[in-house]
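Chemist: kindly generate the corresponding structure for this input.
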Amino acid sequence: PNLLASVASNVSSRSNVSMDGKKMRKKERKKRKRLRAQFEALPAAMYDYDIALPRMPSAPYCSDSLWIEDRAERDAQQEERALRLRQEAVRKQQSSVVQNALP
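Modeler: Numbers count the residues shown, from 1 in each chain. Below you'll find the model as predicted:
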């Protein structure tokens, strides 16, 4: 009797699991269906863009110099110049022994 009862309860618990699985899958399908309907209810995307281009000069840019300096190069040169000036100021404040690297 006990063996039969345990087998019966085991079978019924498996059927509950399969029923729960079926219910879960059905819930998921309903959820996907509802989401799809909500997405389809959204307005269509609008792909209209207004592009504003700068006015182009009638003649191409011409320069007499072969080198055109950009801002990054100019900033780097200014930093280098400032560093050299600071080093010279420190060097001037040092004694002649330190300046000439004497022992």
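Chemist: can you pull out the low-pLDDT segments for this protein?
Modeler: For the chain, applying pLDDT under 70 flags the ranges 1-19, 63, 65-66, 97, 99-100, 102-103.
Chemist: ok, now how distant is Trp67 from Asp48?
Modeler: According to C-beta to C-beta, to the nearest Å, Trp67 stands 44 Å off from Asp48. Bear in mind the C-beta positions are built from the backbone N, C-alpha and C, glycine included.
Chemist: now do Lys30
Modeler: 36 Å.
Chemist: who has more neighbours, the two?
Modeler: Lys30 (10 against 4; other C-beta atoms under 10 Å).
Chemist: residues contacting the more buried one?
Modeler: By C-beta atoms under 8 Å, 6 or more residues apart in numbering, the contact list for Lys30 is empty.
Chemist: which SS class is it?
Modeler: Per DSSP: H, G, I helix; E, B strand; the rest coil, the local secondary structure of Lys30 is helix.
Chemist: could you do Met56 as well?
Modeler: coil.
Chemist: try Glu79
Modeler: helix.
Chemist: against Ile68, how distant is it?
Modeler: Distance, Glu79 to Ile68, by C-beta to C-beta: 20 Å.
Chemist: tally up the residues packed near Arg29, please.
Modeler: Here the count is done by other C-beta under 10 Å, and Arg29 has 10 residues near it.
Chemist: quick one, phi psi at Pro57?
Modeler: Main-chain torsions, Pro57, degrees, to the nearest 10: phi -70, psi 150.
Chemist: how many residues are close by it?
Modeler: 7.
Chemist: quick thing: my sequence starts at 5, can you match it?
Modeler: In the new count, where the first residue is 5, that last one comes out as Pro61.
Chemist: ok, Gln81 to Ala93 distance?
Modeler: From Gln81 to Ala93 the distance is 19 Å (C-beta to C-beta).
Chemist: so which residues of the chain form helices?
Modeler: Taking DSSP state H as the test, the helices found in the chain are 6-45, 75-97, 100-103.
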